[in-house]
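Asks: What shape does this take:
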Amino acid sequence: MDLKQKLAEYIRNFNFLTEDEVQLIVESTIVKSFKKGTLLLKKGQVPDKCYMILEGCLREYLPLDGEEKSTAFYMEGETVTPYTSSGPGAPSKQALECVEDCILTISNQNFEDELRRKLPRLDAIIQHVAKEKLGKAKEEWANFISSSPEERYTALLETKPALFNRVPQHQIASYLGIKPESLSRIRKRLLFKAKLSEDLV
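Replies: Alright, predicted model coming up:
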């Protein structure tokens, strides 16, 4: 399937857009494919692009003391805005890579401003989505830092079950803040509990 057709199919899921508006967005948007392992952003680079994932998975990580600390995973339908807390123009402390072959839309602030100019009613929608995403991120972070590794694992299993078959286990362990062997122990413990519950039924 053509990359632009894939984008059009995705956008049509938003029923509030007319077909003419869908086509306008598709014609204005850059869609590119990237190979697994591609670094979209390196530590120290100034981030100036945003992405939406049509296919594939991205990992955000912090290079620290010779290791990579996974900080986020993004899959189909999710947007990635890798701007730093220091504001626009500041170098990134994190890196962003494709952990699978990916098909992504690529945009920047100029693109969004131009799209708002062409489709003024999108402005309210974009602002609503941005606020919703920020609120969700704050809630997830609060839950993350106040939970145990096992609770983090369970939450990730509930929200992104496919992730466990798509990225290496050591990257998931890094995201959860534990060693790979600790992740193995948690999985075995939960499997044992699940089997015990089944035997008691």
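Asks: Mind listing what's buried along the longest helix belonging to the chain?
Replies: For the chain, the helix with the greatest residue count under DSSP state H is helix 122-145. For helix 122-145, a neighbour-count test (16 or more other CB atoms under 10 Å) marks Leu122 as buried. Where C-beta positions appear, they are placed from N, C-alpha and C, glycine not excepted.
Asks: which stretches of the protein have low pLDDT?
Replies: Within the chain, the stretches with pLDDT under 70 are 1, 83-88, 198-201.
Asks: Repeat the analysis, applying 80 as the threshold.
Replies: 1, 14-16, 82-89, 122-134, 136-137, 141, 192-201 (pLDDT under 80).
Asks: Strands along that one, start to end?
Replies: 30-34, 39-41, 50-55, 58-64, 67-74, 79-80, 95-98, 102-107 (DSSP state E).
Asks: what lines up beside the last one in the sheet?
Replies: If you go by DSSP bridges, strand 102-107 pairs up with strand 30-34 (antiparallel), strand 50-55 (antiparallel).
Asks: Compute the inter-axis angle for the shortest one and strand 58-64.
Replies: In this structure, strand 30-34 runs at an angle of 70 degrees to strand 58-64, with axes from the mean of the first three to the mean of the last three CA atoms, to 10 degrees as the basis.
Asks: now what about strand 30-34, what contacts it?
Replies: With contacts defined as CB atoms under 8 Å, 6 or more residues apart in numbering, strand 30-34 is touched by 3-4, 6-7, 40, 54, 56, 98, 101-107.
Asks: Check the offset of the longest helix of the chain from the chain's centre.
Replies: Its chain's C-alpha centre and that of helix 122-145 lie 13 Å apart, by CA atoms, centre = their mean, to the nearest Å.
Asks: How about stretch 44-55?
Replies: Counting by CA atoms, centre = their mean, stretch 44-55 comes out at 10 Å from the chain centroid.
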